[in-house]
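>>> coords please:
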Amino acid sequence: MLKKLFQSFRTPVRRTQHIRSTPEVLNSGQHSLQKTQFSRYAVNIVERLQGAGYQAYLVGGCVRDMLLGITPKDFDVATSATPEQVRAEFRNARIIGRRFKLVHIHFGREIIEVATFRANHPVNEDDEDSNQSSRNESGRILRDNVYGTLEEDAQRRDFTINA
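Numbering: from 1, shown residues only. Below is the predicted model:
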């Protein structure tokens, strides 16, 4: 009985997690997703951003849902373009957010959310770019525009197949 009691206080063994340094890109033969399954507006946004020289990808729940055979409730795009650059490409776009700027592109009742690739906050305060990120005296984040690369954005996601 005491053995069972003391086992409950034992710290669980942590498994080491393999973290990829770069995303693995699957070609069309390695997954079942087709461009026609996604919102035509979301696909249009990705293609226009890519045509303008930016990286752009459908990400998040829409990719997960499609892989599971579920109809997505919304579509998100991640891009190398800044919110201002996205806004300049689409007249039906609106920049939102104070902490982290996002762009909503409106197509009638459908709204596609576009976010710039994000990176983690700098570990050292001296490395921080005050134009991108800032905190008040108590440490509360006021602005969180730490932009990054596709690889950094993918590493931040909880389900890395999302990027």
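
>>> so which helix or strand takes in K73?
Here K73 is covered by no helix or strand, with elements defined by DSSP states H and E.

>>> Just give the number of residues close to it.
K73 has 8 neighbours, counted by other Cβ atoms under 10 Å. (C-beta placed from N, C-alpha, C; glycine too.)

>>> Can you give me the distance of the residue lying closest to it once chain neighbours are set aside to Q55?
Spatial nearest neighbour of K73, excluding adjacent residues (Cβ to Cβ, 6 or more residues apart in numbering): G61 at 7.4 Å. In this view, G61 and Q55 are 20 Å apart by Cβ to Cβ, to the nearest Å.

>>> Y41 too?
For Y41, the distance to Q55 - Cβ to Cβ - is 19 Å.

>>> ranges for the helices of this structure?
2-7, 40-51, 61-68, 83-89, 150-156 (DSSP state H).

>>> looking at these, which is closest to L102?
helix 83-89 (6.9 Å; Cβ to Cβ).

>>> Mind giving me the packing neighbours of the closest one?
helix 40-51, strand 93-96, strand 102-107, strand 110-116 (3 or more Cβ pairs under 8 Å, 6 or more residues apart in numbering; DSSP states H and E).

>>> possible to save the ones you listed as a markdown table with mean neighbour count?
Output for those, formatted as a markdown table (neighbours: other Cβ atoms under 10 Å):
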| stretch | mean neighbour count |
| --- | --- |
| helix 40-51 | 17 |
| strand 93-96 | 14 |
| strand 102-107 | 18 |
| strand 110-116 | 20 |
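
>>> and S32, which of the ones you listed is closest to it?
helix 40-51 (16.6 Å).

>>> now for that closest one, which elements pack on it?
By 3+ Cβ pairs under 8 Å, 6+ apart, helix 40-51 packs against strand 56-59, strand 76-79, helix 83-89, strand 102-107, strand 110-116.
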